[in-house]
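After the sequence you'll find the predicted model.
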Amino acid sequence: MIVAAADGSSLNNPGPAGWAWYIDDDTWAAGGWPRGTNNMGELKAVLDVLRATRDANEPLTILCDSQYAINCCTKWIPGWKRHGWRKRDGKPVLNRDLLEPIDEELDGRDVTFEWVKGHAGHAMNEAADQRARAAATAFRDGTPVDRGPGFGGVDRRPQSQEDVPRPGNGDEQERLFDLPERPVTPDQELIGILTDKERRFLETDAIAHRSALEELAAPDFIEHDGNGRLWTRGRALADMPVPEVRASIEILGMVRTGPQDVLLRWRARAGSRVSVRVSLWHRDPDRGWQLRFHQITPVR
């Protein structure tokens, strides 16, 4: 029995995107694209682990935190095929160029899909998420992608521009990504930078959380948390509790409120808890981007 976690990540959905599957520290793979969505990453991770384990002749269990990916693979594909890859409303099915090869790989295989809650401390899911996010970040920053050792010791060369899907490259699973090339705008790039900084405040490790406060909280930092408490920088460094569950981030919008000031709106999901956040960031000439204000509004 092979058990693998599969996950996808997109920094601005769509934006620089990554995918990864993980079995153990010696058996995993990752990749990505300059522009893609979370769903693309989820499906690509599933497709790649199916292909990697094709000749293993063992039952395969794929762990996903995406109900979309699981439903595609276990419920929706047969109906879409019968209707010529169109939905009930007549519109074309999205991500067909990934779904068709997934369907081919599943044919005759003993494959089970299991849902796991994302960002809830599941070790394999977290490992896949970290690798997918690292791949997306590498595409955003223009750095090499660590593609991992693969399955069964197969060498996987570092991903470079030649691996980025292009129209007419003859590889059927990549045609999905023949999207119009759109350069990342300055706002999209800034959203990616600030999202990475917001993630540092969500670390469940006490040392990493304190490091984020020390480096990124402005001297006049103020937070109104979800319980109505007010935190200054000094109080936060002394007493602010470390998050128990690492939250995911969904960006809702960004507004430039001044030449060096940005208001970022986002939604956090940590297990069953959901909150809407507002952050005011200021770019200091010496310390870079500093968080001046943060407000948390619980949704549920």
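Noted; the coordinates are in hand.

residues of the longest helix along the chain that come out buried?
Secondary structure of the chain per DSSP state H: the longest helix is helix 123-141. The neighbour-count check on helix 123-141 (16 or more other C-beta atoms under 10 Å) flags 124-129, 131-140 as buried. All C-beta spots, glycine's among them, are computed from the backbone N, C-alpha and C.

How about stretch 80-99?
80, 93-95, 97-99.

From the residues you listed, pick the one nearest S10.
When those are compared for distance to S10 (C-beta to C-beta), N95 wins out at 13.1 Å.

That closest one is in contact with L43, isn't it?
Yes. Counting by C-beta atoms under 8 Å, N95 does reach L43; the two are 5.7 Å apart.

got any residues that touch both of those two?
C72 (C-beta atoms under 8 Å, 6 or more residues apart in numbering).

List the contacts of D196.
D196 touches T137, counting by C-beta under 8 Å, 6+ apart.

Quick one: the helices in this structure, in order.
Under DSSP H, the chain gives helices at 38-52, 67-71, 77-82, 96-106, 123-141, 186-201, 206-216, 233-239.

between those helices, which gets the lowest average pLDDT?
If you rank those by mean pLDDT, helix 186-201 sits at the bottom with a mean of 85.

Please identify the buried residues of it?
Per 16+ other C-beta under 10 Å, helix 186-201 contains these buried residues: 188-195, 197-198, 201.

distance between it and the chain's centre?
How far helix 186-201 lies from its chain's middle: 13 Å, per C-alpha atoms, centre = their mean, to the nearest Å.

A128 reaches D7, doesn't it?
Yes. With contact defined as C-beta under 8 Å, A128 and D7 form a contacting pair (3.9 Å).

what touches both of these two?
20-21, 45.

Weed out the non-buried ones from these.
Using 16+ other C-beta under 10 Å as the burial test, the shared contacts of A128 and D7 include 20-21, 45 as buried.

possible to save the residues you listed as TSV with distance to L252?
Shown next, in TSV, are those (distance: C-beta to C-beta, whole Å):
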residue	distance to L252
A20	26
W21	29
A45	26
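
Give me the residue ranges of this protein where confidence is low.
153-184 (pLDDT under 70).

Which parts of the stretch 201-300 of the chain are strands?
217-224, 230-232, 248-258, 261-270, 273-284, 288-298 (DSSP state E, counting those that start in this stretch).

Compare those strands and give me the one nearest F113.
strand 248-258 (20.3 Å).

Which elements pack onto that closest one?
helix 186-201, strand 261-270 (3 or more C-beta pairs under 8 Å, 6 or more residues apart in numbering; DSSP states H and E).
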